[in-house]
Structure formats: C-alpha cells, structure tokens
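>>> my questions concern the predicted model and sequence given below.
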2 protein chains.
Amino acid sequence: MARLNLLRFSPFRLNRLAAEFSGALAEDYARFGIDIPEWRVLATLGLHDGPRSAAYVVRCTRTHKSRISRAVGHLAGLGLVERREDEADRREIMLALTPAGRAIYAELVPLLLAREERLLAVLDPGERREFERLLGKIEAGLGLMRCDEEP
Amino acid sequence: MARLNLLRFSPFRLNRLAAEFSGALAEDYARFGIDIPEWRVLATLGLHDGPRSAAYVVRCTRTHKSRISRAVGHLAGLGLVERREDEADRREIMLALTPAGRAIYAELVPLLLAREERLLAVLDPGERREFERLLGKIEAGLGLMRCDEEP
DNA sequence: ACCAGATGGTTGCGGATACAACAATCACGG
DNA sequence: CCGTGATTGTTGTATCCGCAACCATCTGGT
C-alpha cells in the first residue's frame, strides 16, 4: 500500500516552517501591540512614499479584505495609519502611515530583517540565494508573483 | 531609511506558499469530509502499522493537543479512527485506523502525492531535490527534525 | 440620462483556534 | 504507603477568521 511520510511531505513542511517563522517574528511586533495582518499593512504602506488604497494592500499582501479592513481599523485606533477619502473615486479610501506609524516601521524593519537572518543562518550565501530562487520559481508556477500593478 | 519588500521577505513568502499549498490539498480531502488536522492524524496513524497515542500524534504533527483531540473526536464519529485505553498507562489513549480509515488513507495518499507533484512541477528533478535538501537544513537549524522518538 | 453590473470597503455571523483550567492517572521520594 | 508534581487528554471560553450580505460609488452601454 502506498504510504506517505508527513515529515517529507512538502505541504506539511511548508506549513510547519511558516508557522515557526511567524511565531519567531511575532515576538518582535507583539511589543508594539500589532499582529501579523497589521504588520503587513505597515509593510505595504512603508515600502512606498505616497498613500495607497486598501484594495492595493489587499492585492499586495494576498490577505482577505475583511482582515485588512479590521487591521486598518486597529492601526488607525493606535494612530499609526491615517484614512483619507480619495477625491477622484470616493469609494476608495487612501491609507498612509502617520509619523508615529513611520517611526514604528523604521524601528521594526531592522529587527525583522535580523530575525529573518537568524532563521536562515544555517544556509550559506549560495544556498540562501538558491533557496530564494526556487521559492520564486514555485511562486511563479502558481501565479503568485504579480501584485504590484501600480495604481 | 531601511525598507523591507514584503514580497522578498522569506516569512511572508513561506506563509503565502503554505496557504496556497494547503488550499490546493483541501480540495482533495474535503471530499471525504475531513480537514487539515484530521488529515494529519490519518497520515500519522497510516504511516505505522500499530496504534499510536494521541501524544505521539501531537509530537509528530506539531499540532496543538486540543486540535488533535477534537480532530480525533470527529474522526471517531466518522468511524475512521478507533480509541482504546492503553492498559499499561491508563492516561494514554491508543489510536488506530479502522478498516474504513485505512481505506480512505489508501485512497487519499495517491491523490495528495499527485497534488504535491503538480505544485512542484515547475522544478526539474535536480531543483526539486535541492529544494527539499534546503528545507531540511532550515528545519534542522530550527530543531524541527526529531519527532519520531518511537514509543 | 439611466440602469445594470462591477468595484471598494464594512460588518454580522457561524465556525474554528489557541490558551488555560481541569480531571484522571502515573512516577518518584521520603 | 502516601503525597507532591508531572503527564495525558478533554473541555470551557474568549478571540480570530473568512464567507457572504450589504451599502456606497463608479463604469459602460444604450
């Protein structure tokens, strides 16, 4: 009978690895009272200078719009993100980091990059590049690449 | 100011990829009325011939024991798994697949392996091996490898 | 100009999850 | 032999998540 070793089954391994990575990062941004989807909003807004719509954040993070909506609500309550109606299209709500939000972003990014570095420290630079290349190839095969259809 | 592109950030990429893989596999076992943690229980019990304790399943799948407990409850309700008190240690409850459970396992495994194959189809055999080697190296670095402390 | 359909965003709700408290059992030291 | 602490598994509870329904607004065809 065909058998399947869960420990060598890629979907399980990716799930477990992703959970492990997420848990490690949570230690960093939990200190600021935010969680994963909220961090994703900060990261998306922090990468650009101008404001972006919520729909853009949804496309870019591949996160459900209800989750983004609630994350933005929380971030706005913390004074880290500002919502402003777009005058051209009054359905859209433009999101921008406040100075406080930008300060937290600037403080958080080096911590998270250092954390990533530690998680991948067992790979030498060549392996690291190869791992990222293979990730990209799998993503491309699944059609996960394009997000940045700039508005 | 240091910036961080979410799309090149390994924790985010792994999260996204794991979600994509899980979603793809869900199509397969949803047909049998089971979900991810329930499939993990089946997979753990199916890999061995004899029964295993719930604690063993917890260690092997790295899933929270309450999740395993409820998954086992559901599987028992479906008649796929049988619970039996261990006589030596009456705290432990030994779990075993019923004939129906083993039949579903046998039917499910080829489907899931084929699905994995399709998800990784963009990689040629060498890349596939290298990807799995790198996954293993990262797992080892995080201490995720040992689960199979055989009871 | 108008109406049908598409899009952006919020919210109610059912279901799932994790955390912690709990009961039952075992192991070990005195 | 007793009792303290650890281990196994279940359950209560508060929270989170996604689906879908919903409102508001825009677009395009006629």
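The structure has been received and is ready for your questions.
>>> can you tell me the centre-most residue of chain A?
Nearest to the geometric centre of chain A sits A:R40, at 3.7 Å (Cα atoms, centre = their mean).
>>> any figure for the gap between A:I104 and A:A43?
As judged by Cβ to Cβ, to the nearest Å, A:I104 and A:A43 stand 11 Å apart. Placement of C-beta: from N, CA and C, glycine included.
>>> hmm, back to that, wait, doesn't the residue nearest to the centre of chain A sit right on A:L75?
No. If you go by Cβ atoms under 8 Å, A:R40 and A:L75 don't touch, sitting 10.7 Å apart.
>>> quick check: residues of chain A near DNA strand C?
By the rule Cβ under 7 Å from any atom of the strand, the part of chain A lying against DNA strand C is A:53-55, A:58, A:65-66, A:68-70, A:72-73, A:83, A:89, A:91-93.
>>> how about residues contacting the helix or strand harbouring A:D28?
Taking DSSP states H and E as the definition, A:D28 sits inside helix A:10-29. Here helix A:10-29 makes contact (Cβ atoms under 8 Å, 6 or more residues apart in numbering or on different chains) with A:6-7, A:35-36, A:38-39, A:108, A:111-112, A:115, A:118-119, B:10-11, B:14-15, B:17-19, B:21-22, B:24-25, B:40, B:43, B:61-62, B:112, B:116, B:119-120, B:132, B:135, B:138-139, B:142, B:144.
>>> need the nearest residue in space to A:T61, chain neighbours excluded.
Computed as Cβ to Cβ, 6 or more residues apart in numbering or on different chains, the closest residue to A:T61 that is not its neighbour in sequence is A:R40, at 4.3 Å.
>>> still on that earlier bit, of the contacts of helix A:10-29, buried ones?
Of the members of these, the ones counted as buried by neighbours, 16 or more other Cβ atoms under 10 Å in any protein chain shown, are A:6-7, A:36, A:38-39, A:108, A:112, A:115, A:119, B:10-11, B:14-15, B:17-18, B:21-22, B:24-25, B:40, B:43, B:61-62, B:112, B:116, B:119-120, B:132, B:135, B:138-139, B:144.
>>> sorry, back to before: enumerate every residue touching the residue nearest to the centre of chain A.
Applying Cβ under 8 Å, 6+ apart, the residues contacting A:R40 are A:57, A:61, A:63, A:68, A:71, B:6, B:12.
>>> now, which of those residues lie close to DNA strand D?
Under the cut-off given by Cβ under 7 Å from any atom of the strand, DNA strand D has A:T63 from those close to it.
>>> arrange the contacts of A:R40 in TSV, one row each, with distance to B:A100, secondary structure and pLDDT as further columns.
Listed next are the contacts of A:R40 as TSV, based on distance: Cβ to Cβ, whole Å; DSSP: H, G, I helix; E, B strand; the rest coil; pLDDT from 0 to 100:
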residue	distance to B:A100	secondary structure	pLDDT
A:V57	46	helix	95
A:T61	41	helix	92
A:T63	38	coil	94
A:I68	42	helix	97
A:A71	43	helix	97
B:L6	45	helix	91
B:F12	40	helix	94
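>>> ok, A:E92 - contacts?
Neighbouring residues of A:E92 by Cβ under 8 Å, 6+ apart: A:53-55, A:85-86.
>>> what do you get for A:V41?
Neighbour list for A:V41: A:57, A:61, A:68, A:71-72, A:75, A:81, A:95 [criterion: Cβ under 8 Å, 6+ apart].
>>> how near is the nearest residue to A:L80 once chain neighbours are set aside to A:E82?
Of all residues not flanking A:L80 in the chain, A:G101 sits nearest, at 3.5 Å (Cβ to Cβ, 6+ apart). The spacing between A:G101 and A:E82, counted by Cβ to Cβ, is 8 Å.
>>> settle it for me: which of those two has more neighbours?
Neighbour count, other Cβ atoms under 10 Å in any protein chain shown: between A:G101 and A:E82, A:G101 has more, with 22 against 16.
>>> which residues touch the more buried one?
Shown in contact with A:G101 (Cβ under 8 Å, 6+ apart): A:42, A:45-46, A:75, A:79-81.
>>> DNA strand D: which of those residues is nearest?
Minimum distance to DNA strand D across the contacts of A:G101 is 12.9 Å, recorded for A:L75 (Cβ to the nearest atom of the strand).
>>> list the contacts of the closest one.
By Cβ under 8 Å, 6+ apart, A:L75 lies in contact with A:34, A:38, A:41-42, A:81, A:101.
>>> just the ones of these in helices?
Using DSSP state H, the members of these that fall in helices are A:38, A:41-42, A:101.
>>> just the helices in chain A please.
Using DSSP H, the helices found in chain A span residues A:10-29, A:36-47, A:54-61, A:65-77, A:99-119, A:125-142.
>>> what is the mean pLDDT for the fifth one?
Read it as helix A:99-119. Taken as a whole, helix A:99-119 has an average pLDDT of 96.
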